[in-house]
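Colleague: this is a predicted model, with the sequence first.
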Amino acid sequence: SNEGTPVKRTRSLRKHPIRVGLVPLVEAVRQTLRSLDTQKEADETTMNWRLEEREANFEYQWKRVRLFRRLLQAVTATSGREELFKEAAIDIPPLVRAEAWFTLLGSDPA
């Protein structure tokens, strides 16, 4: 029997490529969001800053860019957009602004 061979496993993965490939990524985004919840108290101070102050703060922008890159990677046609909308309502880092808007509007950046 060839049930355990690499060829059989590859065929099995091809039947559900999106689900199998995105599970770790979606879990990573969920974990990031959970860790952000624990940082809410520290971030509440920065949320009181004006947009210009947040955009000039390197550490704040670094965290936001990392978060947005993970969220943008996890967005599919059917899921992940809620988290992206939630974070975009706060602000979108200039570095990923174009890609975020393409994704939020459902267009293709190419």
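Modeller: Here it is on my side, so go on.

Colleague: what's the spacing between residue 97 and residue 27?
Modeller: 26 Å (CB to CB, to the nearest Å). No exception for glycine: its C-beta is placed from N, CA and C like everyone else's.

Colleague: do the same with residue 93
Modeller: 23 Å.

Colleague: who's more crowded, the two?
Modeller: residue 93 (20 against 11; other CB atoms under 10 Å).

Colleague: what residues are up against the more buried one?
Modeller: By CB atoms under 8 Å, 6 or more residues apart in numbering, the contact set of residue 93 is 55, 61, 64, 65, 68.

Colleague: same deal with residue 66?
Modeller: So residue 66 contacts residue 32 (CB under 8 Å, 6+ apart).

Colleague: just the CA atoms of whichever helix or strand residue 88 is part of, as PDB, please.
Modeller: Taking DSSP states H and E as the definition, residue 88 sits inside helix 81-90. Provided in PDB are the C-alpha atoms of helix 81-90 (Å, rounded to 0.1, in the frame of the first residue of the first chain):
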ATOM      1  CA  ARG A  81     -10.600  41.200   6.300                       C
ATOM      2  CA  GLU A  82     -12.300  41.900   9.700                       C
ATOM      3  CA  GLU A  83      -9.100  42.200  11.500                       C
ATOM      4  CA  LEU A  84      -7.600  44.300   8.700                       C
ATOM      5  CA  PHE A  85     -10.500  46.700   8.800                       C
ATOM      6  CA  LYS A  86     -10.300  46.900  12.600                       C
ATOM      7  CA  GLU A  87      -6.600  47.900  12.500                       C
ATOM      8  CA  ALA A  88      -7.000  50.200   9.500                       C
ATOM      9  CA  ALA A  89      -9.700  52.200  11.500                       C
ATOM     10  CA  ILE A  90      -6.900  53.100  14.000                       C
END
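
Colleague: all numbers from here: first residue = 34
Modeller: I'll keep to 34 as the first residue from here, and by that count the last item is helix 114-123.

Colleague: could you say which helix or strand holds the spatially closest residue to residue 117 that is not a sequence neighbour?
Modeller: Sequence neighbours aside, residue 104 is the residue nearest to residue 117 in space, at 4.8 Å (criterion: CB to CB, 6 or more residues apart in numbering). Here residue 104, judged by DSSP H and E, is contained in helix 91-107.

Colleague: alright, calling it a day.
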